[in-house]
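Engineer: Pasting the sequence and the predicted model now:
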Amino acid sequence: MDSGCMLGYPWSKHRFRLPPEPLAFTTGTLPELAIVDPALSAAVVVLAAFLLDPGLSMSAWAHLIQYA
């Protein structure tokens, strides 16, 4: 099974998994494409917005926190 990430490669072949083994999924399958890819894409957009204009990003977060 190809689930998890080998963080210590090439010194260690141990795979680290965020969810435990029964919930882990194989790389390149539908759960990765439906959950992981959109989450990483959203994180990239948020980081890009912060890098372009840190003040705009902080005011957007403050605006969202008011409604929580």
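Structural biologist: That came in fine, so what should we check first? Numbering: from 1, shown residues only.
Engineer: Which helix or strand in the chain has the lowest average pLDDT?
Structural biologist: When the helices and strands of the chain are scored by mean pLDDT, DSSP states H and E, helix 54-66 comes last with a mean of 69.
Engineer: count of residues packed around L40?
Structural biologist: Residues within reach of L40, counting by other CB atoms under 10 Å, total 10. The C-beta positions use only the backbone N, C-alpha and C, and glycine is treated the same way.
Engineer: before we move on, which element is it in?
Structural biologist: helix 37-52 (DSSP states H and E).
Engineer: Just the buried residues of that helix, please?
Structural biologist: For helix 37-52, burial by neighbour count (16 or more other CB atoms under 10 Å) applies to no residue.
Engineer: just checking, what packs against that helix?
Structural biologist: helix 54-66 (3 or more CB pairs under 8 Å, 6 or more residues apart in numbering; DSSP states H and E).
Engineer: quick one: contacts for the closest residue in space to L7 that isn't next to it in sequence?
Structural biologist: Using CB to CB, 6 or more residues apart in numbering and skipping residues adjacent in sequence, the residue nearest L7 is F16, 5.3 Å away. By CB atoms under 8 Å, 6 or more residues apart in numbering, F16 lies in contact with G4, C5, M6, L7.
Engineer: do that again at 7 Å, thanks
Structural biologist: Residues in contact with F16 (CB atoms under 7 Å, 6 or more residues apart in numbering) are G4, C5, L7.
Engineer: Report how many residues lie close to H14.
Structural biologist: For H14, using other CB under 10 Å, the count is 11.
Engineer: Show the pLDDT at A43.
Structural biologist: Here, the pLDDT recorded for A43 equals 91.
Engineer: Quick check: the gap between it and F50.
Structural biologist: Going from A43 to F50 by CB to CB, to the nearest Å gives 11 Å.
Engineer: and what of T29?
Structural biologist: In terms of CB to CB, T29 sits 31 Å off from F50.
Engineer: Give me the below-cutoff pLDDT ranges for the protein.
Structural biologist: Residues of the chain that meet the criterion pLDDT under 70 lie in 1-3, 56-61, 64, 67-68.
Engineer: Geometric centre of it: which residue is closest?
Structural biologist: L40 (4.2 Å; CA atoms, centre = their mean).
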